[in-house]
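Student: Sequence and predicted structure are below.
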Amino acid sequence: MADVKYGSLILNRATDDDTYAVVYCSKEAETVSIPAEIDGVAVTAIADNAFEECRMLLHVEFEPPSEELLMAGAVLTEIGEYAFSYCDNLVSIDIPYTVYSIGRGAFYNCRSLKLATLPASAYVGSYAFCGCTELEKISPLAYASEGILSSCEKLSKIELLPGISEICEDAFEDCYALTEIVIPRNVRRIEQLAFRGCHGLKRVRFEDPEGWFVRIRYDGSVHAIDLSNEFEIAEELSHMDFDDGVDFWYKA
């Protein structure tokens with residue numbers, strides 16, 4: 001189908017489900033309103049790289065869907081990989097509650113981003129907010145994907161929702177301002193480098209601290225660990241490195 005122009009946006013109409021996806025934004029755009037529909041046809045996705053390197057972009061609005069679209073489930077559900085990466089001047093983003101998938105690197109290196117509001121149940125892909133060095137506040141996370149908040153240097157608080165089962169590699173690496181975190185009881189695994197460089201981390205509280213082990217990579221040995229001292233554990237996690245031989249922490 002032919003592309004459609006809507007202000008600073010270009011949208012493509014899919015033939016399989018007859019909906020629109022935002023595929024491109026003018027690099028000169030400063031404020032953008034993403035439509036819920038065009039001529040009665042729903043906008044359901046923001047494609048990979050759609051806003052990449054829109055360095056002038058300051059503000060993004062999402063038009064609310066009509067009652068008819070909501071009833072039909074024809075709403076924005078997906079933000080693609082690297083969709084808003086390198087939007088250097090974007091200060092905040094409020095992602096609609098209808099979105100259930102935020103792709104890899106979606107806001108990668110948005111260096112002015114201070115506030116990110118996410119749907120509670122949305123999947124957030126690896127490196128989604130990596131390099132957002134000014135980020136100060138983000139909604140509680142339903143996923144702790146690989147590198148999701150790495151190098152978010154000013155982020156002092158990270159809240160993890162109860163359903164999280166693992167904290168992936170590099171998830172919070174170099175979050176220098178992070179001072180404490182609660183590890184939900186459903187977490188069964190913390191991968192290498194998850195908290196490396198979090199040297200401001202002073203307290204790590206495990207909701208279920210019994211039965212944790214650490215695997216040493218070099219010889220494959222396994223050691224039980226005592227998580228009763230929250231301050232010592234914080235120091236160990238923040239210094240965990242490839243070079244110390246620690247592969248991952250896990251709960252048996």
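Tutor: Arrived safely.
Student: mind showing which ranges of the stretch 1-150 of the chain have poor pLDDT?
Tutor: 1, 15-17 (pLDDT under 70).
Student: Just the strands from it, written as ranges.
Tutor: Applying DSSP state E, counting those that start in this stretch to the stretch 1-150 of the chain gives strands spanning 3-6, 9-13, 20-25, 31-34, 37-38, 41-46, 59-62, 78-79, 92-94, 101-102, 115-117, 123-124, 137-138.
Student: and residue 152, which of these is closest to it?
Tutor: Across those, residue 152 has its closest neighbour in strand 137-138 (8.0 Å, CB to CB). Where C-beta positions appear, they are placed from N, C-alpha and C, glycine not excepted.
Student: mind listing what the closest one pairs with, with the direction of each?
Tutor: strand 115-117 (parallel) (DSSP bridges).
Student: got the buried residues for the partner strand?
Tutor: Of the residues in strand 115-117, those with enough neighbours to count as buried (16 or more other CB atoms under 10 Å) are residue 116.
Student: now stretch 196-212
Tutor: So, applying 16+ other CB under 10 Å, buried residues of stretch 196-212: 196, 197, 198, 199, 201, 204, 206, 209, 212.
Student: Inside strands: which ones of the residues you listed?
Tutor: Cross-referencing these against strands under DSSP state E gives 204, 206, 212.
Student: what's the spacing between the last one and residue 83?
Tutor: This points to residue 212. To residue 83, residue 212 is 37 Å away according to CB to CB, to the nearest Å.
Student: Check the first one too.
Tutor: Residue 204 sits at a distance of 33 Å from residue 83 (criterion: CB to CB).
Student: How many neighbouring residues does residue 14 have?
Tutor: 13 (other CB atoms under 10 Å).
Student: meant to ask about residue 13, not that
Tutor: 16.
Student: beta partners of it?
Tutor: Counting by DSSP bridges, residue 13 is bridged to residue 20.
Student: ok, now which ones touch it?
Tutor: 1, 2, 4, 19, 20, 41 (CB atoms under 8 Å, 6 or more residues apart in numbering).
Student: Leaving out sequence neighbours, find the closest residue to the fourth one.
Tutor: Counting by CB to CB, 6 or more residues apart in numbering, residue 44 is the residue found nearest to residue 19 once chain neighbours are left out, at 4.4 Å.
Student: State the distance from the one you found to residue 218.
Tutor: 49 Å.
Student: Between these two, tell me which one has more neighbours.
Tutor: residue 44 (23 against 9).
Student: What distance do you get for that one to residue 79?
Tutor: Residue 44 sits 11 Å away from residue 79, going by CB to CB.
Student: repeat for residue 179
Tutor: Residue 179 is 30 Å from residue 79, by CB to CB.
Student: Could you check which of these two has the larger neighbour count?
Tutor: Shown here are residue 179 and residue 79; by other CB under 10 Å, residue 79 has more neighbours (28 against 13).
Student: Surely the more buried one and residue 102 touch.
Tutor: Yes. Residue 79 is within contact range of residue 102, at 4.8 Å (criterion: CB atoms under 8 Å).
Student: Compile the buried residues of stretch 196-212 into TSV and extend it with columns for pLDDT and distance to residue 134.
Tutor: Listed next are the buried residues of stretch 196-212 as TSV, based on pLDDT from 0 to 100; distance: CB to CB, whole Å:
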residue	pLDDT	distance to residue 134
196	92	21
197	93	17
198	95	17
199	92	19
201	94	20
204	95	25
206	95	30
209	93	34
212	95	34
